[in-house]
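> Structure for the following, please:
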Amino acid sequence: MSTAERERRGEPDVYEIVWMSGHVETVLAHQVSYPGGLPAFLGAPEGKPRIRMHAEIDGRWKPTLDALEEDIRTIRLVTDAEPLPGGAS
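Numbers count the residues shown, from 1 in each chain. Below you'll find the model as predicted:
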């Protein structure tokens, strides 16, 4: 991946995941795949729907979340105006 591609993509977005258990987690992602985005005839895996997130970290694409849709209560994009937990910016 070229430097120009990385610069164009920018930093990964920050998402707040609230699990059905009530646990809250922050996940970084450049790409989010939701269930139903790829029909089965194009190779979508069968079974229960999953949410998948990926981000480029240290120059490599890495999965940052792969979870059953039914285990997640909400997914929210955290905006730049909000402070992150622990005072991170």
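> Past the host helix or strand of Arg8, which element shows up next along the chain?
Per DSSP states H and E, Arg8 falls inside helix 3-9. As assigned by DSSP H and E, the chain's next helix or strand after helix 3-9 is strand 13-19.
> Identify the residues contacting that following strand?
Contacts with strand 13-19, where a contact means C-beta atoms under 8 Å, 6 or more residues apart in numbering, come from 24-30, 32, 53, 65, 67, 71-78, 84. To be clear about C-beta, it is placed using only N, CA and C from the backbone, and glycine gets the same treatment.
> Filter those down to just the buried residues.
Buried members of those, scored by 16 or more other C-beta atoms under 10 Å, are Val27, Leu28, Ala29, His30, Val32, Met53, Leu65, Ala67, Ile72, Ile75.
> from those residues, which ones fall inside strands?
Using DSSP state E, Val27, Leu28, Ala29, Val32, Met53, Leu65, Ala67, Ile72, Ile75 are the members of the buried ones among the contacts of strand 13-19 that sit in strands.
> Go through these and say which is closest to Gly47.
Closest to Gly47 out of those is Ala67 (13.0 Å), distances taken as C-beta to C-beta.
> ok, now how distant is the residue most central in space within the chain from Ile75?
Among the residues of the chain, the one closest to the centroid is Met53, at 3.2 Å (C-alpha atoms, centre = their mean). Going from Met53 to Ile75 by C-beta to C-beta, to the nearest Å gives 9 Å.
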